[in-house]
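S.K.: Okay, structure incoming, though there's no sequence with it:
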């Protein structure tokens, strides 16, 4: 998954849908832990379109 | 550093919870991760008329931008229906000023406030929450407390760590983007809503006037391929107006969390999903629930019983106050989900042809008969 920090509005939408709880929102920073399974949930909720990645089969 | 109550999050929920905890003679700390209370804004600022009474706090007149007397509902094909029904009466508030003002009231009542502080973890001992671990000015600090109140918004780490909320599915959230704009030719007492699969799939566009040709223009969409900002840019291209602020955020519209309390912990506001599933409005509900959270946490400490058994009173009381309305709104949202553009066109036309302000239940059913799909879903839902 690619996070385009320049587009990020720091709203935390991605944090709340990550099933593995890999994301954390700091004041103006999204901290990403390793282990993403590219489920694409964060892509579907980011209001800014700041997250991009390969589409998983089920979506 | 030791407190009776630590409230995580310094927006409406956090300030109200901490205010009422402090008013009940507690030693309270409120922790906010941002360096300024009230920003970035993640809200359109609309509240119902009864909000100011519920709040029981006198707000400075500067916080109220405009008084709302009704709404225009626009169909996908461009018709609109105007309603001045009393349920639509309310105010558009300057949200960042509201947040700051509530934090000031809480501080006046005795709450300590820590800014730019990130809560990393809960101190948990034998299944009981006993404080927080936070990062402040480059240092990790332990802050013991008898009760922790998680008011840290939709992305609540407190709710996740305490296993009270496991996060959401994309379909549970409305993804929102909003511009505050100036130079907009809008009526200052009417909200406007625009519906349609091309305008806002799974949601709607709103225009909330703030007076003097200023308004919040926003869009909420659900589980879409393109981002909310895409739909917003497309919508505002019809205006010759200037953007002065951009706000983004997500709103949970799936109803409240199943459990909002534990040993030594309560969650409130967006962190607990206390949001109306049809309007996406949360300020009013947060003010009701967070007041209860502050008061009941204080009572628990006074009664020296911090157990989940005691704290479940909070859940019982907020459910008593708002659950019925939330359940009804959730049903309405399920009905709304079933409507396609044609249904919405017909519905707005029907509203215009009939005196819907005085529609009886019977005539609503007759209306539903004109929409076979809607009728089926109404039958299933109601």
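M.R.: Here it is on my side, so go on. Not measured: the values here are computed from a predicted model. Numbers count the residues shown, from 1 in each chain, chains lettered A, B, ... in the order given.
S.K.: tally of neighbours for the nearest residue to residue B:198 once chain neighbours are set aside?
M.R.: Nearest in space to residue B:198, with sequence neighbours left out and distances taken as Cβ to Cβ, 6 or more residues apart in numbering or on different chains, is residue B:76 at 7.1 Å. Backbone N, C-alpha and C define where each C-beta goes, glycine included. Residues within reach of residue B:76, counting by other Cβ atoms under 10 Å in any protein chain shown, total 19.
S.K.: which residues touch residue B:76?
M.R.: Residue B:76 is in contact with B:195-199, B:341, B:344-345, counting by Cβ atoms under 8 Å, 6 or more residues apart in numbering or on different chains.
S.K.: for the chain, which spans come out with low pLDDT?
M.R.: Picked chain A for this. The model of chain A has pLDDT under 70 over residues A:54-59.
S.K.: You answered for a different chain; I wanted chain B.
M.R.: Filtered on pLDDT under 70, chain B yields the residue ranges B:355-382.
S.K.: Could you measure from the residue nearest the centre of it over to chain A?
M.R.: By Cα atoms, centre = their mean, the mean C-alpha position of chain B lies nearest to residue B:282, the distance being 2.1 Å. Between residue B:282 and chain A the distance is 14 Å, computed by Cβ to the nearest Cβ, to the nearest Å.
S.K.: related to what we said a few turns ago, narrow the contacts of residue B:76 to those in helices?
M.R.: Taking DSSP state H as the definition of helices, the contacts of residue B:76 contribute B:341, B:344-345.
S.K.: now those in JSON lines, with neighbour count and distance to chain A?
M.R.: Listed next are the ones in helices among the contacts of residue B:76 as JSON lines, based on neighbours: other Cβ atoms under 10 Å in any protein chain shown; distance: Cβ to the nearest Cβ, whole Å:
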{"residue": "B:341", "neighbour count": "15", "distance to chain A": "22"}
{"residue": "B:344", "neighbour count": "20", "distance to chain A": "23"}
{"residue": "B:345", "neighbour count": "18", "distance to chain A": "27"}
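S.K.: Distance to residue B:295 for the residues you listed - can I get that in CSV?
M.R.: Below are the ones in helices among the contacts of residue B:76 laid out as CSV (distance: Cβ to Cβ, whole Å):
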residue, distance to residue B:295
B:341, 46
B:344, 43
B:345, 48
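S.K.: Which positions in chain A make contact with chain B?
M.R.: A:9-13, A:15-19, A:21, A:24-27, A:41, A:44-50 (Cβ under 8 Å from any Cβ of the partner chain).
S.K.: Let me see the contact set for the closest residue to residue A:1 other than its chain neighbours.
M.R.: In space, residue A:1 comes closest to residue A:53 once its chain neighbours are excluded; the distance is 3.9 Å by Cβ to Cβ, 6+ apart. Residues near residue A:53 by Cβ under 8 Å, 6+ apart: A:1-2, A:38, A:40, A:43.
S.K.: Can you tell me which of those residues has the most neighbours?
M.R.: Highest count within the contacts of residue A:53 by other Cβ under 10 Å belongs to residue A:43, 24 neighbours.
S.K.: and the host helix or strand of it, how far out from the chain's middle?
M.R.: Residue A:43 is part of helix A:41-45, with elements assigned from DSSP states H and E. Centroid separation between helix A:41-45 and its chain, computed with Cα atoms, centre = their mean, to the nearest Å, is 6 Å.
S.K.: Tell me which other helices or strands that helix touches.
M.R.: Under the contact criterion of 3 or more Cβ pairs under 8 Å, 6 or more residues apart in numbering or on different chains; DSSP states H and E, helix A:41-45 touches helix A:13-17, strand A:51-52, strand B:173-182.
S.K.: Go again with 7 Å.
M.R.: helix A:13-17, strand A:51-52 (3 or more Cβ pairs under 7 Å, 6 or more residues apart in numbering or on different chains; DSSP states H and E).
S.K.: and the stretch 1-150 of chain B, which of its residues are near chain A?
M.R.: Within the stretch 1-150 of chain B, the positions near chain A by Cβ under 7 Å from any Cβ of the partner chain are B:33-35, B:40, B:42, B:116, B:118.
S.K.: Please list the members of those that lie in strands.
M.R.: Secondary structure from DSSP state E places residue B:118 of these in strands.
S.K.: List only buried entries from the residues of the stretch 1-150 of chain B next to chain A.
M.R.: B:33-34, B:40, B:42, B:118 (16 or more other Cβ atoms under 10 Å in any protein chain shown).
S.K.: How many residues are close by the residue of the stretch 51-200 of chain B found nearest chain A?
M.R.: Per Cβ to the nearest Cβ, residue B:155 is where the stretch 51-200 of chain B lies closest to chain A, at 3.1 Å. Neighbour count for residue B:155, taken as other Cβ under 10 Å: 24.
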